[in-house]
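Undergrad: Quick one, what's the 3D model for this:
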Amino acid sequence: MSARNQGALTLRAQRNDEGLWELSSPAVGRFRPLARFVGAQAKSLCLGGDELGSLERLGERLSLKCPPELPAGQITLSARGLQSVGWGELIATLTLAELSADEGAGASGSGAEATEGWAIEAPIDGTVYYAPSPESPPFVEPGALIEPGQVIALVEVMKFFYEIKHEGDSAVRALSQGATHGSPIEAGAALWRVTSPS
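TA: Coordinates of the predicted model:
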């Protein structure tokens, strides 16, 4: 019998002595992370209010969301895939989003754009396309608002095209593309550099 979607719970967040945010389960159940957090690098950007996965218990599936006041950062899961968790058990840690010198050098764009904001990352390896066809306008222009659920790019994998959407709960502003149109990318690579809309 499959679990029914029943609403949402907010993860418990606490900052540890090393400055990392520890995200723990608000209830007992089986935690299932979203696919973007279990790729090869098991890291991805998370914003306050973003969904991290779901908690299944007694035939219910509850969405698990990061606290809305949480800053943007990189999520690292404590375990990959489906896991049983107890109340208050550590599920993930969040490191504040900052580019290292190596990441800054590899980002597309120039000047401040390469170091501002944070990245929306590719969930899979493939070839990235920023428009649906050569004759079509791009999905997103630099400076435009990206709404939740909006397609931001396509990733081609073995002749299949996957729509990559903005999975956050609030709009963000596009700064610059993270890769070149038609180039190969790896899971975890930046698709777009974005910032808050204001």
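Undergrad: can you list contacts of stretch 18-28?
TA: With contact meaning Cβ atoms under 8 Å, 6 or more residues apart in numbering, stretch 18-28 is reached by 9-16, 31, 52, 55, 57, 62, 64, 66, 70-71, 73, 75, 85-96. Heads up, the C-betas are built off the backbone N, CA and C, glycines and all.
Undergrad: buried sites along it?
TA: Leu20, Trp21, Glu22, Leu23, Ser24, Ser25, Pro26 (16 or more other Cβ atoms under 10 Å).
Undergrad: do stretch 157-174 as well
TA: Residues Ile164, Lys165, His166, Glu167, Gly168, Val172, Arg173, Ala174 are the ones in stretch 157-174 that count as buried (16+ other Cβ under 10 Å).
Undergrad: Just the CA coordinates for it, please, in CSV.
TA: The C-alpha coordinates for stretch 157-174 follow below in CSV (Å, rounded to 0.1, in the frame of the first residue of the first chain):
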residue,chain,number,x,y,z
VAL,A,157,21.0,12.0,-21.5
MET,A,158,21.2,9.4,-24.2
LYS,A,159,18.7,11.3,-26.5
PHE,A,160,16.3,11.9,-23.7
PHE,A,161,15.7,15.5,-22.6
TYR,A,162,15.0,16.2,-19.0
GLU,A,163,13.4,19.5,-17.9
ILE,A,164,15.3,21.0,-15.0
LYS,A,165,13.1,23.3,-12.9
HIS,A,166,13.6,25.7,-10.1
GLU,A,167,12.6,23.6,-7.1
GLY,A,168,12.5,26.4,-4.5
ASP,A,169,9.4,27.8,-2.9
SER,A,170,10.1,31.4,-3.8
ALA,A,171,11.3,33.3,-6.9
VAL,A,172,15.0,34.0,-7.4
ARG,A,173,16.8,36.4,-9.9
ALA,A,174,19.1,34.9,-12.6
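Undergrad: What's the mean pLDDT across that stretch?
TA: For stretch 157-174, the mean pLDDT works out to 88.
Undergrad: what are the ranges of the helices in this structure?
TA: Assigned by DSSP state H, the chain shows helices spanning 101-106.
Undergrad: what does the domain assignment say about it?
TA: Under the assignment automatic domain parsing, the domains of the chain span 4-96, 101-195.
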